[in-house]
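**Student:** I would like the atomic coordinates for the input below:
(chains A and B)
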Amino acid sequence: MEHVEHSHAAPTGDNAGGHGKGQQHPLGIYFKIWGLLFVLSTASYLVDYFHFHGLLRWSLIIIFMLLKAGLIVAVFMHMVWERLALVYAILVPPLLLMVLMGIGALEADYTFLTRGAFFAPTAEKPAPAAH
Amino acid sequence: MTMHEGTGMAANFMAAPEVLPPVPQVQPGGWESVVADVSSDQRAFKGVPWGKPMLWIFLLSDTFIFGSFLISYMTVRISNTAAWPNPSEVFALTLFGREVPLLLIAIMTFILISSSGTMALAVNFGYRRDRKTTFRLLLATAVLGASFVGMQALEWTKLIHEGVRPWTNPWGAVQFGSSFFMITGFHGTHVTIGVIFLVITSIKVLRGDLDQERPGFLTGRKGNYEIVEILGLYWHFVDLVWVFIFAFFYLW
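**Tutor:** Numbers count the residues shown, from 1 in each chain, chains lettered A, B, ... in the order given. Predicted structure coming up:
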């Protein structure tokens, strides 16, 4: 059965890593991504430095974060060159966290409202009411 | 197919004398490849070194751990009636008589990104069998990682001196401390473990263990340069987690 594995590399193009010889790509792409990550990090730092607020701040933070995460996973972790089954096996399950996040946000909002309703008069004091 | 028939023991063991259907020699693309992998005989991801999917699955579980930390941080922050301390001010440094927000955190971010860059290069030079360069790059990664941990220790010391505890802090919502120590502490632990493995792997590379396929300390498997790539996956993941922590904890 093992001999099946020797003939994989050819058809998916010369960049098809992960088979036998491992991931091997031109160095330039790493330096480009490295530079891009620096630019994006600087940009997200500047969001704080210039005191952006509200929706603009949050959307910029999220955009820069997702771009950075995408670049790291895609190129540094070689995800774009991996087979599709592995990509889906790894990238789909974390989407569940979005569900958990939604549930958490709903519950937290509700808790906040309840605290507002029940503990509002004593909210000024650093009482255990905050718990 | 002659190779298959030639291995007598395997053929006996398989006990399948009838003619096997021709094995597709071409790796299908797109969805067909997904179906082929998922319905694969005996094991999935044929041709991928086993360590890589294993580490990816480990990273997946780690994603859920960090995801849960960040989500619980989100819930305590949303549900808090007390004001959340402004991280921009809490983590500011005074430089030349002026408050620079998040300076140390920004430096830590750049250091971690740089270490990711050197790690990616180390993987590349490893597969080129350039022992010396791989060693140097791995060591550079380890040094950058160690300095990151050092700065984090500095940050912790500063905050602890200012009175931040997991149960209290001078600025507002008490959960700030517990979230901060839990999230950055867990991340710092990951970085520390990564640094230890970077040092171990760099020594292996320098000694030529991987070129001569010497088995590792705890395994009979032959050494090869895939372990550098696998270590790289772990290291990039640590950087990846920091991207999210930086966005959600420090910038939000």
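
**Student:** can you give me the offset of stretch A:44-57 from its chain's centre?
**Tutor:** How far stretch A:44-57 lies from its chain's middle: 19 Å, per C-alpha atoms, centre = their mean, to the nearest Å.

**Student:** for it, give the mean pLDDT please.
**Tutor:** Stretch A:44-57 carries an average pLDDT of 88.

**Student:** how about stretch A:75-94?
**Tutor:** Stretch A:75-94 carries an average pLDDT of 89.

**Student:** got the buried residues for that stretch?
**Tutor:** Residues of stretch A:75-94 classed as buried: A:75-79, A:81-87, A:89-90 (neighbour count, 16 or more other C-beta atoms under 10 Å in any protein chain shown). All C-beta spots, glycine's among them, are computed from the backbone N, C-alpha and C.

**Student:** secondary structure element holding residue B:141?
**Tutor:** Assigned by DSSP states H and E, residue B:141 falls within helix B:131-161.

**Student:** for residue A:50, grab phi and psi.
**Tutor:** Backbone geometry at residue A:50, expressed as degrees, to the nearest 10, gives phi -90, psi 10.

**Student:** cool, and the one 3 residues further on?
**Tutor:** Reported as degrees, to the nearest 10, the phi and psi values for residue A:53 are phi -130, psi 160.

**Student:** how about the contacts made by the residue nearest to residue A:29 when sequence neighbours are not counted?
**Tutor:** Residue nearest to residue A:29 in three dimensions, not counting chain neighbours: residue A:75, with 6.2 Å by C-beta to C-beta, 6 or more residues apart in numbering or on different chains. When contacts are counted by C-beta atoms under 8 Å, 6 or more residues apart in numbering or on different chains, residue A:75 touches A:29, A:30, A:33, B:120.

**Student:** next: residue B:198.
**Tutor:** Counting by C-beta under 8 Å, 6+ apart, residue B:198 touches B:138, B:139, B:141, B:142, B:145, B:231, B:235.

**Student:** what's the closest non-adjacent residue to the fifth one?
**Tutor:** Closest residue in space to residue B:145, ignoring its immediate chain neighbours: residue B:195 at 4.4 Å, by C-beta to C-beta, 6+ apart.

**Student:** element containing the one you found, please.
**Tutor:** helix B:175-207.

**Student:** what do you get for residue B:211?
**Tutor:** Secondary structure (DSSP H and E) places residue B:211 outside all helices and strands.

**Student:** got the domain boundaries for chain A?
**Tutor:** A:1-83, A:92-131 (automatic domain parsing).

**Student:** tell me which of these is the most buried.
**Tutor:** Comparing the domains of chain A on average neighbours per residue, with mean count of other C-beta atoms under 10 Å in any protein chain shown, the densest one is domain A:1-83 at a mean of 16.

**Student:** now do the same contact list for the residue minimising distance to the centre of chain A.
**Tutor:** The centre of chain A sits closest to residue A:69, judged by C-alpha atoms, centre = their mean, with a distance of 4.5 Å. By C-beta under 8 Å, 6+ apart, the residues touching residue A:69 are B:240, B:243, B:244.

**Student:** check these against chain A, which are close?
**Tutor:** B:240, B:243, B:244 (C-beta under 8 Å from any C-beta of the partner chain).

**Student:** who wins on neighbours among the residues you listed?
**Tutor:** If you count neighbours using other C-beta atoms under 10 Å in any protein chain shown, the busiest of those is residue B:243, which has 26 neighbours.

**Student:** burial of the residue of the stretch 151-252 of chain B found nearest chain A, as a residue count?
**Tutor:** Residue of the stretch 151-252 of chain B nearest chain A, by C-beta to the nearest C-beta: residue B:247 (3.8 Å). Neighbour count for residue B:247, taken as other C-beta under 10 Å: 23.
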